[in-house]
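**Q** would you be able to build a 3D model of this:
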Amino acid sequence: MRIKLERETTLTFNEQEPDAFVWSASKPFIRKMAKRGYLPTKSEEDGKGHLSYWYKIPKTAIVISKPRMKVTLSEERRVRLRENLEKARSIQKAT
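**A** Below is the predicted model:
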């Protein structure tokens with residue numbers, strides 16, 4: 001069994017080609033790729049039974065999102081938001 005440090009994923013692309021290449025030995029990542037409909041173009045076994053896969057995907061499928069900031073609300077602000085939500089829901093039910 002591979003340790004978590006060895007279950008890596010590598011993404012390679014350049015500005016000229018329209019596709020990116022992904023290599024992964026991470027089972028959770030491989031499952032995500034399968035759920036999204038990406039089939040591996042190549043698979044490798046290291047002799048110890050560990051599989052890794054290569055994928056060719058369009059660069060447009062790569063999204064690097066901005067980190068989410070944790071918002072801390074005061075109790076007063078929390079109460080006001082709750083009241084506004086209740087008011088909006090009651091108006092929505094009335095119509």
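
**Q** number of nearby residues for residue 38?
**A** Using other C-beta atoms under 10 Å, residue 38 has 16 neighbouring residues. C-beta here means a position set from N, CA and C on the backbone, and glycine is covered the same way.

**Q** where is the longest helix in this protein?
**A** Longest helix of the chain, by residue count under DSSP state H: helix 75-94.

**Q** what comes up buried for that helix?
**A** Across helix 75-94, burial judged by 16 or more other C-beta atoms under 10 Å covers no residue at all.

**Q** just the C-alpha atoms of it, please, in PDB.
**A** Output of helix 75-94 as PDB, limited to C-alpha atoms (Å, rounded to 0.1, in the frame of the first residue of the first chain):
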ATOM      1  CA  GLU A  75     -24.400  37.500  17.000                       C
ATOM      2  CA  GLU A  76     -26.200  40.800  16.200                       C
ATOM      3  CA  ARG A  77     -25.500  40.400  12.500                       C
ATOM      4  CA  ARG A  78     -26.600  36.700  12.600                       C
ATOM      5  CA  VAL A  79     -29.900  37.700  14.200                       C
ATOM      6  CA  ARG A  80     -30.600  40.400  11.600                       C
ATOM      7  CA  LEU A  81     -29.800  37.900   8.800                       C
ATOM      8  CA  ARG A  82     -32.100  35.300  10.300                       C
ATOM      9  CA  GLU A  83     -34.900  37.900  10.600                       C
ATOM     10  CA  ASN A  84     -34.400  39.000   7.000                       C
ATOM     11  CA  LEU A  85     -34.500  35.400   5.800                       C
ATOM     12  CA  GLU A  86     -37.700  34.600   7.700                       C
ATOM     13  CA  LYS A  87     -39.300  37.800   6.300                       C
ATOM     14  CA  ALA A  88     -38.300  36.900   2.700                       C
ATOM     15  CA  ARG A  89     -39.600  33.300   3.100                       C
ATOM     16  CA  SER A  90     -42.900  34.600   4.500                       C
ATOM     17  CA  ILE A  91     -43.300  37.000   1.500                       C
ATOM     18  CA  GLN A  92     -42.500  34.200  -0.900                       C
ATOM     19  CA  LYS A  93     -45.100  31.900   0.700                       C
ATOM     20  CA  ALA A  94     -47.700  34.600   0.400                       C
END
